[in-house]
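[1] Any chance you can model this:
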Amino acid sequence: MRLLGISDLHIGHATNRAALDALPPHPDDWLLLAGDVGNTAQHLEYALDRLVPRFRQVVWVPGNHELWTLPTDPDGWRGQERYERLVAICRRRGVLTPEDPYAVWPGDGPPCVIAPLFLLYDYTFGPDDLPPGLAVEWAMETGVLCADERLLHPDPYPSRAAWCAARCAITEARLSAVPRGHALVLVNHFPLRRDLAVTPAIPRFSIWCGTRRTEDWHTRFPVRAVVSGHLHIRGTHWRGGVRFEEVSLGYPQHWRQAHGIQGYLREILPAPDRAPATGAPPAAVQAAPSG
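    Numbers count the residues shown, from 1 in each chain. Reported below is the predicted structural model:
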């Protein structure tokens, strides 16, 4: 039995959708699906209807794309209501979400709790002297503007930052209540640390990648591994003795179709709990085919 992770399937692209259809069964494995399955509720339904029969258990967290309200969206769900509708889609299929009780991993090893998170971002993943209120203007100086500014609505919260603060407070309380003696695997679409929210091609995109509220969660809580996506830059990184896995597939140009999705499933458990003893810096360790 293995705990596997992947994110950013983006099945609105025909190439990615065909690769999903071709994914072989994993009847003994759990799958962490770390957001951005697609852009619509219909994309989520399509993906889950193929993944649920192929895995022993699927765990889902939302990405920003799932939360978009597109002009062509027939439902028009926005903000919290949209999120709740997506959770309902998952629950009808037996998929675990951030709104469900945290499950204990049934595989070998010490007790480990799987904690799917929904945390968003608050524009604090920028320079120390950049006020969050000026972050979008700062990014736009280089021609960068995330589509979330048009499509990801925070209703009924006054802003995405306010929604993020509320989600962080709810999640901190839940993580603090995990029984002693249990380790945690944290699963979130957005990176939990600013130093891991690095996108070299568009550096100022970082403000849409997370919140500083979570930067110490890997040491504040008994975390064994952290799983995220969003960046489309796969990699294994170590911080404070904790393994951080970026598990994105990405758009068709970000991965090699010859590998199939199977080649990009990242093993989270069982897996090494220490950085490998090599001469390469930990941030350079790669555990999946580079796209």
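[2] Now do the SS call for the nearest residue to L145 once chain neighbours are set aside.
    Leaving aside its chain neighbours, L145 sits nearest to A139 (6.6 Å; criterion: CB to CB, 6 or more residues apart in numbering). For every residue, glycine as well, the C-beta is placed using N, CA and C. When classified by DSSP: H, G, I helix; E, B strand; the rest coil, A139 comes out as helix.
[3] from what I can see A139 touches R204, true?
    Yes: contact status for A139 versus R204: in contact at 4.1 Å, counting by CB atoms under 8 Å.
[4] just the helices in the stretch 1-150 of the chain please.
    14-21, 41-51, 79-92, 135-140, 148-151 (DSSP state H, counting those that start in this stretch).
[5] now stretch 231-238: mean pLDDT?
    Stretch 231-238 shows a mean pLDDT of 96 in the predicted model.
[6] so where's the stretch 1-150 of the chain uncertain?
    Judged by pLDDT under 70, the stretch 1-150 of the chain has no weakly predicted residues.
[7] which stretches of it form strands?
    Under the criterion DSSP state E, counting those that start in this stretch, strands of the stretch 1-150 of the chain are mapped to 3-6, 26-33, 55-60, 103-104, 112-116.
[8] same deal with the stretch 151-291 of the chain?
    Per DSSP E, counting those that start in this stretch, the stretch 151-291 of the chain carries strands over the ranges 183-187, 223-228, 235-239, 242-246, 266-269.
[9] what would those look like in a markdown table with mean neighbour count and distance to D29?
    Listed next are the strands of the stretch 151-291 of the chain as a markdown table, based on neighbours: other CB atoms under 10 Å; distance: least, CB to CB, whole Å:
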| stretch | mean neighbour count | distance to D29 |
| --- | --- | --- |
| strand 183-187 | 24 | 14 |
| strand 223-228 | 25 | 14 |
| strand 235-239 | 19 | 19 |
| strand 242-246 | 24 | 15 |
| strand 266-269 | 21 | 9 |
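[10] In TSV: the ones you listed, plus distance to R91.
    Formatted as TSV, the strands of the stretch 151-291 of the chain follow (distance: least, CB to CB, whole Å):
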stretch	distance to R91
strand 183-187	17
strand 223-228	21
strand 235-239	31
strand 242-246	26
strand 266-269	23
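[11] rewinding a little: so can I have TSV of the helices of the stretch 1-150 of the chain showing distance to A225 and mean neighbour count?
    Formatted as TSV, the helices of the stretch 1-150 of the chain follow (distance: least, CB to CB, whole Å; neighbours: other CB atoms under 10 Å):
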stretch	distance to A225	mean neighbour count
helix 14-21	24	16
helix 41-51	21	18
helix 79-92	22	17
helix 135-140	29	17
helix 148-151	27	14
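[12] Out of these, which is closest to G250?
    Nearest of the helices of the stretch 1-150 of the chain to G250, taken as CB to CB: helix 14-21 at 8.6 Å.
[13] Just the residues contacting the closest one, thanks.
    Here helix 14-21 makes contact (CB atoms under 8 Å, 6 or more residues apart in numbering) with 9-11, 46-47, 50-51, 249, 251-252, 257, 260-261.
[14] Nearest residue to Q57 in space, please, no chain neighbours.
    Distances taken as CB to CB, 6+ apart place W30 nearest to Q57, at 4.5 Å, with adjacent residues excluded.
[15] was I right about G181 contacting P111?
    Yes: taking contacts as CB under 8 Å, G181 lies within contact range of P111: 6.3 Å.
[16] out of these two, which sits in the busier spot?
    P111 (12 against 8; other CB atoms under 10 Å).
[17] Would you mind grabbing the residues shared as contacts by G181 and P111?
    Counting by CB under 8 Å, 6+ apart, G181 and P111 have no contacts in common.
[18] now the strands of the stretch 1-150 of the chain as a markdown table including distance to V223 and mean neighbour count?
    Below are the strands of the stretch 1-150 of the chain laid out as a markdown table (distance: least, CB to CB, whole Å; neighbours: other CB under 10 Å):
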| stretch | distance to V223 | mean neighbour count |
| --- | --- | --- |
| strand 3-6 | 14 | 24 |
| strand 26-33 | 14 | 20 |
| strand 55-60 | 16 | 21 |
| strand 103-104 | 15 | 14 |
| strand 112-116 | 9 | 23 |
